[in-house]
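Engineer: following is a predicted model, sequence given first.
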Amino acid sequence: MRSFIALCRKRKLVLFGALSLLVLATLALFGPMLSPYDAGELDVPSRLLSPSVRHWCGTDEFGRDMFTRVVEGGRWSMLIGAMVVAFSTGAGVLIGLCAGFFPRLDAPIMRVVDALMSFPDILLAIALVATLGASVRSVVLALSIVYTPRVARVVRAATLVVREMLFVEAARALGVPTIRIVFVHVLGNMSSPILVQASFIFAYAMLAEAGLSFLGMGVPPEVPTWGAMVASGQAFTDQAIWLVLFPGLAIMLAAVSLQMVGDGLRDMLDPRLRKSL
């Protein structure tokens, strides 16, 4: 933590990204509680009002307060991104460890991983969501499948290096169980690339969810994610540009901030780059 704070002091972009994420997360958690409006409350006479003191971000086509919906959408979008990170990272770590530590499993596992990575991410996600049906669970599962190969390849590459180190050979010579070697000695020395990859996947997942919702293949319309707001507001851009402006800015800010923090973590955790900080 101290190293990251020191990095933020030296790298203003990393500091900006970290503060932006903190603000977005705080608004997502506590914003709806502080707003006098409900995210789903309809007020048809107040539809398509421009931003004002009463409605900071205006109202949508049903008279719902856009500020409340944007912060509520942040809760859903970040939750989906976090769940995708958790599932894809967990599965990718297991697959990468098996492929990298056990030579007999390497070839068959990596052929499947290569086959999945041969498809463009968004097309594979669309195909999976179309098969599973449009729901939050389907989007999380589809994006987890899409991004698991990324983590698996990173973990496999790191495992191939770590398994040949002397402390692993010493553990084998001492009769340490293979499971303990894999999950304690090998995995314990790969936290840096996994953490950095997870930060990037968080951004990719939020952008992919927004893209799926914009194409009508994402979460149901009643779930107020940022992508769903942009999709529903595109029909009114000629008279109410704020319907897509504010959720679009939120998506852009979250994705860019995660990329900045991910770049900072990579530079902080990589010994070759740490000296230049």
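Structural biologist: Received the coordinates, thanks. Numbering: from 1, shown residues only.

Engineer: any weak-confidence spans in this protein?
Structural biologist: The chain contains residues with pLDDT under 70 at 1-9, 269-277.

Engineer: mind checking the longest helix of it?
Structural biologist: Criterion DSSP state H: the longest helix present in the chain is helix 66-101.

Engineer: tell me what it is packed against?
Structural biologist: Helix 66-101 makes packing contacts with helix 12-34, helix 103-117, helix 136-162, helix 191-214, helix 226-233, helix 242-269 when contacts are defined by 3 or more CB pairs under 8 Å, 6 or more residues apart in numbering; DSSP states H and E. C-betas here are computed from N, CA, C, even on glycine.

Engineer: now stretch 217-225, how far from the centre of its chain.
Structural biologist: Taking CA atoms, centre = their mean, to the nearest Å, the mean C-alpha location of stretch 217-225 is offset from the chain mean by 17 Å.

Engineer: can you show me the CA trace of that stretch as CSV?
Structural biologist: Output of stretch 217-225 as CSV, limited to C-alpha atoms (Å, rounded to 0.1, in the frame of the first residue of the first chain):
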residue,chain,number,x,y,z
MET,A,217,-27.7,-8.5,-26.3
GLY,A,218,-26.9,-7.6,-22.7
VAL,A,219,-28.8,-7.3,-19.5
PRO,A,220,-32.6,-6.8,-19.5
PRO,A,221,-33.8,-3.2,-20.0
GLU,A,222,-35.1,-3.0,-16.4
VAL,A,223,-31.5,-3.3,-15.1
PRO,A,224,-30.0,0.2,-15.2
THR,A,225,-26.5,-0.4,-16.3
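
Engineer: residues in contact with that stretch?
Structural biologist: 39-40, 69, 72-73, 76-77, 80, 125-126, 129-130, 134-136, 139, 209-213, 227-228, 231-232 (CB atoms under 8 Å, 6 or more residues apart in numbering).

Engineer: stretch 248-262 now?
Structural biologist: 13-14, 16-18, 20-21, 24, 70, 73-74, 77-78, 196, 199-200, 202-203, 206-207, 210, 226-227, 230.

Engineer: could you flag which of the residues you listed are buried?
Structural biologist: Buried by 16 or more other CB atoms under 10 Å: 14, 16-18, 20-21, 24, 70, 73-74, 77-78, 196, 199-200, 202-203, 206-207, 210, 226-227, 230, out of the contacts of stretch 248-262.
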